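Undergrad: Next come a sequence and a model predicted from it.
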Amino acid sequence: MRTQVGIIGAGPAGLMLAHLLHRSGIESVVIESRSRDYVEQRIRAGVLEQGTVDLLNETGVGERMQRQGLVHAGIDLRFGGRSRRIAFDELTGKHVVVYGQHEVVKDLIAARVRDGAQMFFDVTGTAVADLESDRPVVRFRDANGEPVELVCDFIAGCDGFHGICRPAIPEGVLSVYDRIYPFAWLGILAESKPVQDELIYANHERGFTLISLRSPTITRMYLQCDPEENIDEWPDERIWDEIRARLAGEDAPDLVPGPVIQKGVTAMRSYVVEPMQYGKLFLAGDSAHIVPPTGAKGMNLAIADVKVLAEAFDAFYGRGDSGRLAAYSETCLRRIWKTQRFSWWMTSMLHRFEGGAFDHRVQLAELDYVTTSRAASTTLAENYVGLPFE
Ligand code: APR
Ligand code: PHB
């Protein structure tokens, strides 16, 4: 088989790239090791920056998001037993939209099917080769176990943090920047009426908690926990009690426990590789960088990368200009590092660390400052709604 851009991974990065390339008349093939059903059901984060929302709308895949997504014009920061609001709209004129990542994935797959695109789900044994040549190849076995060789002009490694593309780059080429946090998030999805319309990020001596939502009847919540936490030790009742304890104080939100329909532990890590390119292979999204989820940036970063990459391919195929492809990594990394900084900062300000009482006092002072200084609130707000695309 032959294509212009071979795309590995059908997450937000791979699917959005395929969609943008199609709109520029560039042919691509997407291959994915999981089933279509699996990627459409996989529960992940769900906050879309204004720029992500605009891109989905402008490229014709935002229709369901416009109907079902929830516009959020602010968040609450809760500390010292009370909540204070950061008003995004007032501070920046922008907002975010709460819409599950798997819903974005469903909409993008539907668009690919509608446009007659080539997608292979349930593939095995994916490998890439000849990355330095003019004919890099992707090899895999399709859903029937038949071997396929896909010869490309370029390969996009959109295969997430545990994919095969980043490790295919020879030793010594990449610099790795990494921070592993000494805690994780226990996340739940529950059939319970959300306690309020907007998200609550709460700093508490017992640990951080985040109250989010997916719809008027589905609540999404997270609790700071140990990275080795055994989920079997967390029956529903214990989860509700712990969240209630971490929200205690003035105007404590009125939790209405309901059936927990999904539970999981997410590790917290900041990670970047530089550069995001080797020969004809371009990395995008989680394959090149991950952020702790506190700033809700993972999916937005993936979309921002592929916007830059699609424009670079468009310049190459449309005008023979390879300068933007050459600058891809540098262009993306400028914004990625600012977003890394924001995610690290939100994580540091809101979680319980082992530093003891002094560190906790400093966190409370910072939260007090961030929620009372217009300059500091604006800093948080403009990062949360999303920095401009490069
Ligand atoms: N062959 C084919 N597909 C693969 C392979 C492989 N060897 N390895 C991984 N994949 C697929 C995964 O199954 C997954 O569907 O690549 C896809 C990568 O998708 P994501 O992990 O969603 O990564 P990305 O598209 O970069 O989106 C980043 O996802 O993890 C969240 O928080 C993160 O919101 C962020 C977003
Ligand atoms: C979510 O709703 O899943 C969510 C919201 C905000 C975050 C992280 C996750 O910062």
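TA: Now that the structure is in, tell me what you want to look at. Ligands and ions are numbered 1, 2, ... in the order given.
Undergrad: quick one: what helix or strand has S329 in it?
TA: If you go by DSSP states H and E, S329 is part of helix 328-350.
Undergrad: part of a helix, is D134?
TA: No - counting by DSSP: H, G, I helix; E, B strand; the rest coil, D134 falls outside a helix, being coil.
Undergrad: Give me the contact status of the helix holding S329 with ligand 1.
TA: No - using CB under 6 Å from any ligand atom, helix 328-350 never reaches ligand 1; the gap is at least 10.7 Å. In this view, the C-beta of every residue, glycine as well, is placed from N, C-alpha and C.
Undergrad: where exactly do the helices run in the stretch 51-200 of the chain?
TA: Using DSSP state H, counting those that start in this stretch, the helices of the stretch 51-200 of the chain run over residues 63-68, 88-92, 101-114.
Undergrad: Name the residues that touch the last one?
TA: Going back to what we said before, that points to helix 101-114. For helix 101-114, the surrounding residues in contact (CB atoms under 8 Å, 6 or more residues apart in numbering) are 10-12, 15-16, 18-19, 22, 30, 36, 39-46, 48, 56, 60-65, 68, 119, 299.
Undergrad: now check it, is it near ligand 2?
TA: No - between helix 101-114 and ligand 2, judged by CB under 6 Å from any ligand atom, nothing touches; the nearest distance is 8.2 Å.
Undergrad: Averaged pLDDT, stretch 14-25. What do you get?
TA: Mean pLDDT, stretch 14-25: 98.
Undergrad: Pull it out as CSV, backbone CA atoms only.
TA: Provided in CSV are the C-alpha atoms of stretch 14-25 (Å, rounded to 0.1, in the frame of the first residue of the first chain):
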residue,chain,number,x,y,z
GLY,A,14,-4.1,10.9,14.8
LEU,A,15,-7.8,11.4,14.0
MET,A,16,-7.6,15.2,13.9
LEU,A,17,-4.5,15.1,11.8
ALA,A,18,-6.2,12.8,9.3
HIS,A,19,-9.2,15.1,9.2
LEU,A,20,-7.1,18.3,8.6
LEU,A,21,-5.0,16.6,5.9
HIS,A,22,-8.2,15.4,4.1
ARG,A,23,-9.4,19.0,4.0
SER,A,24,-6.1,20.0,2.3
GLY,A,25,-6.4,17.2,-0.2
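Undergrad: How about that stretch, which residues are buried there?
TA: 14-22 (16 or more other CB atoms under 10 Å).
Undergrad: what do you get for stretch 367-379?
TA: Buried, per 16+ other CB under 10 Å, within stretch 367-379: 367, 370-371, 376-377.
Undergrad: With stretch 84-93 instead?
TA: Result for stretch 84-93 [16+ other CB under 10 Å]: buried residues 84, 86, 88, 91-92.
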